[in-house]
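1. Okay, structure incoming, though there's no sequence with it:
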């Protein structure tokens, strides 16, 4: 693509334009999947609870997300009195921007990647960790007790689960010897038995549960907690400002699922040797993990706040530490090959 | 002729200077904390320009992603009256000037030191900055690194010990007791006749 633009434009400009087109090629599919993830969530939870779910707009309700988007766009954005105008509008932007920026280093197959940086894993972790500012600032700027309580809960929760999440990544990079996401996938080549979800099974489970907590999804959705604090940090938001929080939450869900697939389930690699590797595998695995998010929401009751803290600090962090030491020790023994 | 990276450097550093000024001049402590976040972020941008990607990302990850979140957490909870805080400004000014003078002198010493330039050469090496840092930390500087780790551990233990000190002041329930709860601790089934006679 870059070569094509170079024929007509100067090289610097051609590079910039081809980069912009690549970014659009990532963001638009992400946004479409976010829209249809909301549709599937409502359908799947509907079926799990013996309801039908949205089925009126288009065939099987397939146009429902578009109808929702149009509705949200035309709604009035209400500014609460005595709220902080600047921060009130900055907060939704701060939550959507990192959720999209992290996609820059995600490899979709061995060539399809926007920025192939060496510290890709760290970059993703940094981007997901600054997403919490959107929530905190939203809660404070709204000048509302419910919103403030929601943001305080969310801040404590995200910071605690990030530590467990970071430690699980340490296990992965010990095995893969690299921080580059593409290299991590390639280190798992050779069929389903080589995927890191086997030697690092406890870390995989902890990563996935922490991911649910990081994205503020049920059963860890105390930041929203409809039955306790109305809607938590976004209680004062309406229209497109609310939609941005919504988009960020679902984009983050897809992001953490794709990361789990890359680090533990072999990314775009096929589980058996005779079927070729393809991006379809990546998408199928991500869809499988996303189904778990919906399943959790339909199944589990909400955790109490102190139980969340206990699970994060007193169960997950010690467990990950023990498993990291275990992996390190096993690498010095004859069984080292199982941990690479 | 200025290169594109030079423009980026001036962009990041001007934001850094402005936001640092905002940290100390803002009336609202929440604004100060948020400006500090912006300052950290621009500093990370400058480090990225120096090819120090590990340091830059670690700064964002640790300071922006964790430390400042907890800072904001505390600052938002407090009801700080900035007028009372500013009361002793002129009394403390001479001491502050001495301390900041010392700081500037120390920064001058470090910046003009020959080690400062060695470090820069190291980061322009072909291999990644993350790998280089790791190999140096765990070989040449193993002992100082371990000592720093032990000091951090002591700080963690003492911080937790401080909250444990004295008698239990919270109403938290021991999870073990919660799990051990049995049906007969909570409900008592009373058998009695309905009162109606046949």
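-> Okay, I see it. Please read all numbers here as calculations on a predicted model, not as lab measurements.
2. Near residue A:250, how many other residues are there?
-> Residue A:250 has 24 neighbours, counted by other C-beta atoms under 10 Å in any protein chain shown. To be clear about C-beta, it is placed using only N, CA and C from the backbone, and glycine gets the same treatment.
3. Which of the three states applies to residue B:155?
-> Residue B:155 carries the three-state label helix when classified by DSSP: H, G, I helix; E, B strand; the rest coil.
4. Alongside chain A, which residues does chain B contribute?
-> B:30, B:34, B:37, B:53-54, B:57-58, B:60-61, B:64-66, B:69-70, B:72-73, B:76-77, B:128, B:130, B:172, B:175 (C-beta under 8 Å from any C-beta of the partner chain).
5. how about a cut-off of 10 Å?
-> B:4, B:28, B:30-31, B:34, B:37, B:41, B:44, B:53-54, B:56-62, B:64-70, B:72-73, B:75-77, B:127-131, B:170, B:172-173, B:175, B:178 (C-beta under 10 Å from any C-beta of the partner chain).
6. Enumerate every residue touching the residue in chain B that chain A sits nearest to.
-> Residue of chain B nearest chain A, by C-beta to the nearest C-beta: residue B:65 (2.9 Å). Residues near residue B:65 by C-beta atoms under 10 Å, 6 or more residues apart in numbering or on different chains: A:98, A:125-133, A:158-159, A:162, A:166, B:37, B:40, B:57-59.
7. Recalculate using a threshold of 7 Å.
-> Applying C-beta atoms under 7 Å, 6 or more residues apart in numbering or on different chains to residue B:65 gives the contacts A:126, A:129-130, A:162.
8. Tell me which residue lies nearest the centroid of chain B.
-> residue B:67 (2.6 Å; C-alpha atoms, centre = their mean).
9. That residue and residue B:134, how far apart?
-> For residue B:67, the distance to residue B:134 equals 22 Å [C-beta to C-beta, to the nearest Å].
10. quick one: low-confidence parts of chain B?
-> Within chain B, the segments meeting pLDDT under 70 span B:1-2, B:81-82, B:114-127, B:167-169, B:197-198.
11. all helices for it, in order.
-> B:4-25, B:29-49, B:53-58, B:68-77, B:82-85, B:89-112, B:114-123, B:129-137, B:142-164, B:175-180, B:183-186 (DSSP state H).
12. Mind putting those helices into a markdown table with mean neighbour count?
-> Converted to a markdown table, these look like this (neighbours: other C-beta atoms under 10 Å in any protein chain shown):
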| stretch | mean neighbour count |
| --- | --- |
| helix B:4-25 | 14 |
| helix B:29-49 | 20 |
| helix B:53-58 | 22 |
| helix B:68-77 | 17 |
| helix B:82-85 | 9 |
| helix B:89-112 | 10 |
| helix B:114-123 | 11 |
| helix B:129-137 | 15 |
| helix B:142-164 | 10 |
| helix B:175-180 | 9 |
| helix B:183-186 | 8 |
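13. Among the ones you listed, which comes closest to residue A:74?
-> Counting by C-beta to C-beta, residue A:74 lies closest to helix B:29-49 out of these; the figure is 31.8 Å.
14. any idea of the angle that closest one forms with helix B:4-25?
-> 160 degrees (axes from the mean of the first three to the mean of the last three C-alpha atoms, to 10 degrees).
15. Flag every residue of the stretch 201-340 of chain A that's near chain B.
-> Contacts of the stretch 201-340 of chain A with chain B, taken as C-beta under 7 Å from any C-beta of the partner chain, map to A:306, A:310.
16. Over to the stretch 1-150 of chain A?
-> Counting by C-beta under 7 Å from any C-beta, the residues of the stretch 1-150 of chain A that sit close to chain B are A:118-119, A:122-123, A:125-126, A:129-130, A:132, A:136, A:140.
17. so which of the residues you listed is the most crowded?
-> residue A:132 (29 neighbours).
18. Quick one: residues contacting residue B:41.
-> Counting by C-beta under 7 Å, 6+ apart, residue B:41 touches B:60, B:64.
19. now it: how far from residue B:57?
-> 12 Å.
20. number of nearby residues for residue 188?
-> No chain was given, so I picked chain A. Residue A:188, neighbours per other C-beta under 10 Å, totals 24.
21. try chain B instead
-> 6.
22. and it, what are its phi and psi?
-> Dihedral angles of residue B:188 (phi, psi; degrees, to the nearest 10) stand at phi -120, psi 120.
23. Now, the residues of the stretch 1-150 of chain A next to chain B that are in strands?
-> Judged by DSSP state E, these include no members of strands.
24. which among these gets closest to residue B:112?
-> residue A:119 (30.5 Å).
25. Provide a list of residues in contact with that closest one.
-> A:179, B:53-54, B:57, B:130.
26. could you check the distance from the nearest residue to residue B:5 once chain neighbours are set aside over to residue B:39?
-> Excluding the flanking residues, the one nearest residue B:5 by C-beta to C-beta, 6 or more residues apart in numbering or on different chains is residue B:49, at 5.7 Å. Distance check for residue B:49 against residue B:39: by C-beta to C-beta, it reads 16 Å.
27. Same question for residue B:91.
-> As judged by C-beta to C-beta, residue B:91 and residue B:39 stand 28 Å apart.
28. Report the closest residue of chain A relative to chain B.
-> Closest point on chain A to chain B, by C-beta to the nearest C-beta, is residue A:129, at 2.9 Å.
29. Apart from its neighbours in sequence, what residue is nearest that residue?
-> Excluding its sequence neighbours, the residue lying closest to residue A:129 (C-beta to C-beta, 6+ apart) is residue B:65, at 2.9 Å.
30. Low-confidence ranges, the stretch 151-300 of chain A, go.
-> Within the stretch 151-300 of chain A, the stretches with pLDDT under 70 are A:225-226.
31. do that again at 90, thanks
-> For the stretch 151-300 of chain A, the stretches with pLDDT under 90 are A:151-167, A:169-202, A:211-249, A:262-285, A:293-294, A:296-300.
32. residue ranges of the helices in it, please?
-> Along the stretch 151-300 of chain A, the segments classed as helices by DSSP state H, counting those that start in this stretch run A:181-186, A:201-214, A:226-229, A:239-264, A:279-299.
33. Please produce a markdown table containing those, extended by distance to residue A:338.
-> Shown next, in a markdown table, are the helices of the stretch 151-300 of chain A (distance: least, C-beta to C-beta, whole Å):
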| stretch | distance to residue A:338 |
| --- | --- |
| helix A:181-186 | 17 |
| helix A:201-214 | 12 |
| helix A:226-229 | 45 |
| helix A:239-264 | 15 |
| helix A:279-299 | 22 |
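34. Relative to residue A:170, which of those helices is closest?
-> helix A:201-214 (8.8 Å).
35. how far is the closest one from where the chain is centred?
-> Remark: helix A:201-214 is offset 12 Å from the chain centroid, using C-alpha atoms, centre = their mean, to the nearest Å.
36. Run through the neighbouring helices and strands of that helix.
-> helix A:145-176, helix A:239-264, helix A:317-330 (3 or more C-beta pairs under 7 Å, 6 or more residues apart in numbering or on different chains; DSSP states H and E).
37. mind running it again at 10 Å?
-> Judged by 3 or more C-beta pairs under 10 Å, 6 or more residues apart in numbering or on different chains; DSSP states H and E, helix A:201-214 is in contact with helix A:120-130, helix A:145-176, helix A:239-264, helix A:279-299, helix A:317-330.
38. Go through it and flag the buried ones.
-> Within helix A:201-214, the residues scored as buried using 16 or more other C-beta atoms under 10 Å in any protein chain shown are A:202-204, A:206-214.
39. what do you get for stretch A:148-163?
-> Neighbour-count burial for stretch A:148-163 flags A:148-162 (criterion: 16+ other C-beta under 10 Å).
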